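Q: Next one to model:
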Amino acid sequence: MVAICDRQGLIGREMFAIDGVKLPSNASKRRSGTRADFARQATKLEATAHAILARHRAADALPTEPPLEEKDRRRVARLERDATEIRAWLQRNPEDRRGPTGKVRQSNRTDHESAKMATGRGVIQGYTGAAAVDAQHQIIVEAQAHGTGSEQEVLLPVVDAVRGQALLTPQSLITADAGYHSEENLRALAARDVDALIADNEMRQRDERFATQAHHRAKPDALHDKTRPAAEPAEPRLYQPHDFRYDPVARTCVCPAGKALYRTGRQLIVGTHIGERFRGAKRDCVPCPHRHRCLRDPAHTLTRQGMFFSGRVARRRPRLETHTQRMKARIDTPEGRARYAARFGVVEPVFGNLCYNKGLTRFTLRGRAKVDAQWKLFCLVHNIEKLARLRFAP
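A: Okay, the predicted model is just below:
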């Protein structure tokens, strides 16, 4: 289908926007955990079944006690059956799932390749459906489903698949949101000679266009609780550094009570800053009436001490520029912001069409191969619909 769209001239190759959607799958979230978790669960089920049997055997030894009830028999059988299923799963899967760094990940006994992931709708058990969309006519050129909630792991497989189709040109641009950003991904893209714009988590904080975004956040329901908590009496404010009179020329410091603090040691270096430390004398601090405002714990701290910084240490070696720093500098330019902003109108409507118009709210199959095929089929329908609306015959 991608080749057909390419022959019809529907793929512009100027920009490919990569994004993903997390959807639940046909797997039970309750049956997720590591092998150690499953082993403890099986042991607990077996211990519960043995405790029930032991209690009823002790009761049967008494002449006045009734025999074991049928309800308890069924419960013991269910506990033993569940424990047997867990033991059998542990034998079939002798190793834990591990991420790219070797960290142990939770498995799932109903779908071992699915993952537990956090979304805006809560924690789900499912897969991440990723897609690369061409900017010219919103044609999906690559679609993959991965059993992981980390979008950083999805970026490179999708980019490599797009490169494998010979769709990337020296003028092509890859765009992705902050979920795909990492120093390792940027380094790998640079090694592949792929031009990309990937936002970092602080991009909107640096952009003046998002200065008022906090005003548009959802506020609590005003009708839910109209009572206001009683205001607690304000505690006296502790003295801050600006309440002390520090003279960097004379190298002296006077506290708010008018007492001179003595300097301890020579110039001190903390990190990259140069400072001087001052301490109050016991004869001045112990009887001082300002102790409750000067010390956080007057009962245990005798004197006040503080440090004032007057400069920075000159760097001995120039700091190496990272791929993240270069990406920040590039995306903060007017051209970078304009090109990155174009991705919103490219990829977001595609996921709206798949999830809302086509009704893909969850994956109904188990196993990554089947889920990946289901995800590709929905993306195929999207591309066929694009061909039909643009009056091209496949």
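Q: Neighbours of the closest residue to Glu184 other than its chain neighbours, how many?
A: In space, not counting the residues next to it along the chain, Glu184 is nearest to Gln152; the distance is 7.7 Å by C-beta to C-beta, 6 or more residues apart in numbering. For every residue, glycine as well, the C-beta is placed using N, CA and C. The number of residues packed around Gln152, counting by other C-beta atoms under 10 Å, is 15.
Q: Tell me who's in contact with Gln152.
A: With C-beta atoms under 8 Å, 6 or more residues apart in numbering as the criterion, the residues that contact Gln152 are Gly179, Tyr180, His181, Ser182, Glu184, Asn185.
Q: how about the fourth one, what does it touch?
A: Same thing as Ser182. Counting by C-beta under 8 Å, 6+ apart, Ser182 touches Gln152.
Q: mind running it again at 10 Å?
A: Taking C-beta atoms under 10 Å, 6 or more residues apart in numbering as the criterion, Ser182 is in contact with Ser150, Glu151, Gln152, Glu153, Leu155, Ala188, Ile198, Asp200, His323, Thr324.
Q: Also the third one?
A: The contact partners of His181, by C-beta under 10 Å, 6+ apart, come to Glu151, Gln152, Leu155, Ile198, Ala199, Asp200, Asn201, Met203, Thr324, Met327.
Q: So what does it have for phi and psi?
A: Here the main-chain torsion angles of His181 (degrees, to the nearest 10) amount to phi -80, psi 130.
Q: separation between it and Leu387?
A: 34 Å (C-beta to C-beta, to the nearest Å).
Q: Same question for the fifth one.
A: Between Glu184 and Leu387 the distance, using C-beta to C-beta, works out to 37 Å.
Q: Between the two, tell me which one has more neighbours.
A: Neighbours were tallied for Glu184 and for Leu387 using other C-beta under 10 Å; the higher tally belongs to Leu387 (18 against 12).
Q: What residues sit buried inside the helix or strand hosting that one?
A: Per DSSP states H and E: Leu387 is located in helix 368-389. Applying a neighbour-count criterion of 16 or more other C-beta atoms under 10 Å, one finds 368, 370-372, 374-376, 378-379, 382-383, 386-387 buried in helix 368-389.
Q: now do stretch 245-262
A: Tyr246, Cys253, Cys255, Ala257, Lys259, Leu261.
Q: Let me see the contact set for the third one.
A: Going back to what we said before, that points to Cys255. Contacts here follow C-beta under 10 Å, 6+ apart; on that basis Cys255 touches 239, 243-245, 261, 278, 280, 284-285, 288, 290, 294, 304, 306.
Q: Then the second one?
A: Taking C-beta under 10 Å, 6+ apart as the contact definition, Cys253 lies against 241, 244-247, 259-263, 276-280, 306-308.
Q: Grab the longest strand from the chain for me.
A: The longest strand of the chain (DSSP state E) is strand 122-134.
Q: which element follows it toward the C-terminus?
A: Where DSSP H and E defines the elements, the next helix or strand beyond strand 122-134 is strand 140-146.
Q: which strands and helices sit next to that following strand?
A: With contacts taken as 3 or more C-beta pairs under 10 Å, 6 or more residues apart in numbering; DSSP states H and E, strand 140-146 sits against helix 2-7, strand 15-24, strand 122-134, helix 152-164, helix 368-389.
Q: Against which helices or strands is the last one packed?
A: Using 3+ C-beta pairs under 10 Å, 6+ apart as the contact criterion, the neighbours of helix 368-389 among helices and strands are helix 2-7, strand 15-24, strand 122-134, strand 140-146, helix 344-352.
Q: Pull out the buried positions in the last one.
A: The neighbour-count criterion (16+ other C-beta under 10 Å) identifies Val346, Val347, Val350, Phe351 as the buried residues of helix 344-352.
Q: same question, the third one
A: By neighbour count, with 16+ other C-beta under 10 Å as the criterion, the buried positions of strand 122-134 are Ile124, Gln125, Gly126, Tyr127, Thr128, Gly129, Ala130, Ala131, Ala132, Val133, Asp134.
Q: And the shortest one, by the same measure?
A: By neighbour count with 16+ other C-beta under 10 Å, helix 2-7 contains the buried residues Val2, Cys5, Asp6.
Q: Same check on stretch 41-50?
A: Within stretch 41-50, the residues that qualify as buried are Gln41, Ala42, Leu45, Glu46, Ala49, counting by 16+ other C-beta under 10 Å.
Q: thought Ala132 was touching Ile140?
A: Yes - contact criterion C-beta atoms under 10 Å: Ala132 and Ile140 qualify, at 7.1 Å.
Q: one step back: and which of the buried residues of strand 122-134 is nearest to Arg78?
A: Nearest to Arg78 among the buried residues of strand 122-134, counting by C-beta to C-beta, is Gln125 at 22.8 Å.
Q: Need phi/psi at the closest residue to Ala260 other than its chain neighbours.
A: Take Ala260 and drop its neighbours on the chain: the residue closest to it by C-beta to C-beta, 6+ apart is Val254, 5.5 Å away. Dihedral angles of Val254 (phi, psi; degrees, to the nearest 10) stand at phi -120, psi 130.
Q: Begin at 49, not 1, for the rest of this chat.
A: OK, 49 is where the count begins now, so the last one is Val302.
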